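Colleague: my questions concern the predicted model and sequence given below.
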Amino acid sequence: FVVQLLSLLPKKMSSPTQRELAKRLLLTRAEAPQSISSKIPLFFLRVNALYLMGDHESAMKLMDAASPVRLNEALLKIRAEILFHRHDVKKACALVQGEAQEFKSSYWRQSKAFCLASSGNETQAIILSDILAEREDDVDPAFFVGMDALSGTRPEPLESFEVYNSLLASLLRAGNVPLPKSLPQNLLISDYASLALSPNAPVVLRINAGERAALGGALAPSILSNIYRLQKFSSGLLEQAVSNPTLEWGPAARAVLIQAAMAETAPRNRAKALGRAIALSRKRDDLPLTARAISYPLRGIRPSLQLAWFAPLAARSLASSGDFILSKEWIKLGTSKEPDEEQESLWHLGVLSGQFQAKDVTSKLLGKWHQKNQKFYSDNFSSKARVFYSLLNAIEIVVPNVLWRDVITSEKVLASYQAPVALRVLLRNASKTGRVGETIALSLIILGEEGIDRKNFDAAEEVVAALFKVGQKDVARKLALEIAVAAGL
């Protein structure tokens, strides 16, 4: 059953809480087993799941835990791909020409040809490359362009890829082959990171690929910030970025606002630039991406009374990007005094994050929040309140029936994905009997690649309740906070 569950884990996870939960599950008992041979399927599934979700560091850590036991071909290919992704050609080629030298598939033949060329054995590399051209049908034409570039031929810019992996990315980078501007579709999240890190790629491609990789957790926000800085803007455009009413939202707008923010030394001015990015992203419903993109400069702004106006924006952005400690500091600032009728309250986020104990969340306070936010959220209050009350129910805080009655209408219009019945029953049974590992695995599967998307709220709320029930209260609260922010709360 464990093998079955691990094989069903999603490959892409944009929720930071979901990714962290998956990492914890897959690294559990990572010490080297006495005999790995009988456990290869389970061991491979754990390593492969980490690799597919772009957590290369953890995948390597898990494989290192198996040393000195010899890894099989599938695991060695994962290790080689991670080394090529890092553009560590020396270590990758040591593996290709050592532990993997007996393997004859097209992938290993391409690797050997690249390694021969990179070490100066051009004649042997050309012979092997010619053999691949004659006998292998699944070799991307870009591979031969890269091999020609390593032999001294001036490469023409590529128009597209057919098959893309870290080996090809490293080869094209070594040959300084210009990459196309268009972003390939349906790549592994780590392959988007490889494209973002390729100095031979156009800036527009690096930014687009970097955003996808960062959203999936495969690229650090600090690295994405450096990639944004590669896009050049006039000094006038940077100066007017915050106030420009015609700023068209997208990667270029994120880049200009981040550059404008990082050019500022005063916290207030930096907050204005980042606040504009957060506000625009909430209107366009892409806060998770923007939050990840701006999290590096945003972490440099510390909460203060002078920046109390910025608390609602900062708290939500940091929660969405997974920086829950700093998010809670901004939430605390935003709930330190009673807001007036025109100001937005963060009390609901404080409740979900655990700032207030359950016994202090009274019917009176809930009623007060309900009444005020009916005006603040106007037309879509009912659906937002339904999400909030469902999350409170999931973390075992009672909501009065009178408040539930006001959100009944939203149940009819809320489009929602329903997880398969079998998975939901298994999750409920596992959480009721306190089986933590099984509850976590089923939670990850039910969240799936949709994660905390609006259409997946019902499934996500069910996961919060199950995690809370088995004692994973901190994780449950983090996920609840992410869901609330995604819902526009």
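Modeller: Yes, it's here.

Colleague: residues contacting the helix or strand where Q371 lies, please?
Modeller: Element membership for Q371, per DSSP states H and E: helix 363-376. The contact list for helix 363-376, computed with CB atoms under 8 Å, 6 or more residues apart in numbering, reads 341, 344-345, 347-348, 381, 384-385, 399-400, 402-403, 406. C-beta here means a position set from N, CA and C on the backbone, and glycine is covered the same way.

Colleague: let's see if you can find the most crowded of the residues you listed.
Modeller: Among the contacts of helix 363-376, the one with the most neighbours (other CB atoms under 10 Å) is A385, at 25 neighbours.

Colleague: that residue is in contact with D406, isn't it?
Modeller: Yes. Between A385 and D406 there is a contact under CB atoms under 8 Å: 7.0 Å.

Colleague: tell me the helix or strand right after the helix holding Q371.
Modeller: Going down the chain from helix 363-376, the next helix or strand is helix 381-394, by DSSP H and E.

Colleague: any idea how far the helix or strand containing E57 is from the chain center?
Modeller: Using DSSP H and E, E57 falls within helix 56-65. How far helix 56-65 lies from its chain's middle: 19 Å, per CA atoms, centre = their mean, to the nearest Å.

Colleague: elements contacting it?
Modeller: Packing partners of helix 56-65 (3 or more CB pairs under 8 Å, 6 or more residues apart in numbering; DSSP states H and E): helix 16-27, helix 40-52, helix 73-85.

Colleague: returning to that earlier point: what would the contacts of helix 363-376 look like in a markdown table with secondary structure, distance to E329 and pLDDT?
Modeller: Listed next are the contacts of helix 363-376 as a markdown table, based on DSSP: H, G, I helix; E, B strand; the rest coil; distance: CB to CB, whole Å; pLDDT from 0 to 100:
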| residue | secondary structure | distance to E329 | pLDDT |
| --- | --- | --- | --- |
| E341 | coil | 26 | 57 |
| E344 | coil | 17 | 69 |
| S345 | coil | 17 | 78 |
| W347 | helix | 16 | 90 |
| H348 | helix | 17 | 92 |
| F381 | helix | 28 | 81 |
| K384 | helix | 24 | 85 |
| A385 | helix | 26 | 87 |
| V399 | coil | 27 | 89 |
| P400 | coil | 31 | 89 |
| V402 | helix | 34 | 85 |
| L403 | helix | 29 | 86 |
| D406 | coil | 32 | 77 |
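
Colleague: closest to R135 out of the residues you listed?
Modeller: K384 (60.3 Å; CB to CB).

Colleague: can you pull out the helices in the stretch 301-450 of the chain?
Modeller: Assigned by DSSP state H, counting those that start in this stretch, the stretch 301-450 of the chain shows helices spanning 311-321, 324-334, 347-353, 363-376, 381-394, 401-405, 408-413, 421-432, 436-447.

Colleague: what comes into contact with the shortest one?
Modeller: Identification of contacts with helix 401-405 by CB under 8 Å, 6+ apart yields L366, G367, H370, A385, Y389.

Colleague: if you rank those by neighbours, which is first?
Modeller: Going by other CB under 10 Å, A385 tops the contacts of helix 401-405 with 25 neighbours.

Colleague: thinking again about what came up before, and the helix holding Q371, what's its mean pLDDT?
Modeller: Averaged over helix 363-376, pLDDT sits at 85.

Colleague: run a quick neighbour tally on the closest residue in space to A319 that isn't next to it in sequence.
Modeller: Spatially, and ignoring its direct neighbours in sequence, A319 is nearest to S327 (4.2 Å; CB to CB, 6 or more residues apart in numbering). By other CB under 10 Å, 25 other residues sit near S327.

Colleague: please apply the same query to the one 4 residues further on.
Modeller: Summarising burial for I331: neighbours were counted as other CB under 10 Å, giving 29.

Colleague: give the contact list for it.
Modeller: A311, A315, L346, L349, G350, S353, Q355.

Colleague: residues contacting D323?
Modeller: Going by CB under 8 Å, 6+ apart, the list of residues near D323 reads S295, R299.

Colleague: what about it, distance to R299?
Modeller: 6 Å (CB to CB, to the nearest Å).

Colleague: and for E134?
Modeller: When E134 is compared with R299 (using CB to CB), they lie 54 Å apart.

Colleague: quick one: which of these two has more around it?
Modeller: Neighbours per residue, other CB under 10 Å: of E134 and R299, the larger number sits with R299, 15 against 7.

Colleague: my guess is that one contacts L326, does it?
Modeller: Yes. At 6.3 Å, R299 and L326 qualify as touching, with contact defined as CB under 8 Å.

Colleague: shared neighbours of the two, anything?
Modeller: L318.

Colleague: so which bits of stretch 56-70 are buried?
Modeller: Using 16 or more other CB atoms under 10 Å as the test for burial, stretch 56-70 gives H56, S58, A59, M60, L62, M63, A65, A66, V69.

Colleague: give me the pLDDT for the last one.
Modeller: So that's V69. pLDDT recorded at V69 is 65.

Colleague: got it, and the fifth one?
Modeller: Reading off the per-residue confidence, L62 sits at a pLDDT of 90.

Colleague: ok, now which ones touch it?
Modeller: L62 touches L26, L27, A30, F43, R46, V47, L50, counting by CB under 8 Å, 6+ apart.

Colleague: so who does S118 touch?
Modeller: V89, C93, L150, A174.

Colleague: give me that answer again for 6 Å
Modeller: V89 (CB atoms under 6 Å, 6 or more residues apart in numbering).

Colleague: quick check: it vs T335, distance?
Modeller: Relative to T335, S118 is positioned 57 Å away (CB to CB).

Colleague: work out the gap between the helix or strand L238 falls within and the centre of the chain.
Modeller: L238 belongs to helix 235-240 when assigned by DSSP H and E. Distance of helix 235-240 from the chain centroid (CA atoms, centre = their mean) equals 31 Å.

Colleague: which element follows that helix toward the C-terminus?
Modeller: Next along from helix 235-240, by DSSP H and E: helix 251-262.

Colleague: send the alpha carbons of that next one over as PDB?
Modeller: Below are the C-alpha coordinates for helix 251-262, written out as PDB (Å, rounded to 0.1, in the frame of the first residue of the first chain):
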ATOM      1  CA  PRO A 251       6.700  39.100 -16.200                       C
ATOM      2  CA  ALA A 252       8.000  42.500 -17.400                       C
ATOM      3  CA  ALA A 253       5.900  44.400 -14.900                       C
ATOM      4  CA  ARG A 254       7.100  42.100 -12.100                       C
ATOM      5  CA  ALA A 255      10.700  42.700 -13.200                       C
ATOM      6  CA  VAL A 256      10.400  46.500 -13.300                       C
ATOM      7  CA  LEU A 257       8.600  46.700  -9.900                       C
ATOM      8  CA  ILE A 258      11.200  44.400  -8.300                       C
ATOM      9  CA  GLN A 259      14.000  46.400  -9.800                       C
ATOM     10  CA  ALA A 260      12.400  49.600  -8.600                       C
ATOM     11  CA  ALA A 261      12.000  48.100  -5.100                       C
ATOM     12  CA  MET A 262      15.600  46.900  -4.800                       C
END
